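S.K.: With the input below, show me the fold.
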Amino acid sequence: MSALWIAHVKVTDAGRYGEYARRATDAIAAFGGVFLVRGGPYEQLEGPDRPRNVVARFPSLQAAHDCYNSPAYQEALSHARGAAERELVIVEEA
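M.R.: Have a look, this model is predicted:
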């Protein structure tokens, strides 16, 4: 079953976060991830407001997990640390 990678982000350093996004794009694609949502208009109904929302679909929960733990994604993530407040969850689709 496919899985969704859902991130809610408040960017605090656009330059560093942009570098993360550039590098993460390649890492996510390498594990079969396809972006469904990358920013854009949104409506916050509950919880903390994070103005950047990202949803990517992976072929499986394992692929999403393996991507997150891959050296390429972890290297990309090093550019996001300190450059954003974020939450990330992986959810298997029904």
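
S.K.: Now tell me what touches whichever helix in the chain runs longest from outside.
M.R.: As assigned by DSSP state H, the longest helix anywhere in the chain is helix 14-30. Here helix 14-30 makes contact (CB atoms under 8 Å, 6 or more residues apart in numbering) with 5, 9, 11, 35, 56, 67, 70, 72-73, 75-80, 82-84. C-beta here means a position set from N, CA and C on the backbone, and glycine is covered the same way.

S.K.: and the next element down the chain from that helix?
M.R.: Downstream of helix 14-30, the next assigned helix or strand under DSSP states H and E is strand 34-38.

S.K.: Report the inter-axis angle for the longest helix of the chain versus strand 34-38.
M.R.: 150 degrees (axes from the mean of the first three to the mean of the last three CA atoms, to 10 degrees).

S.K.: Could you list the buried residues of helix 14-30?
M.R.: Across helix 14-30, burial judged by 16 or more other CB atoms under 10 Å covers Arg16, Tyr17, Glu19, Tyr20, Ala21, Arg23, Ala24, Ala27, Ile28.
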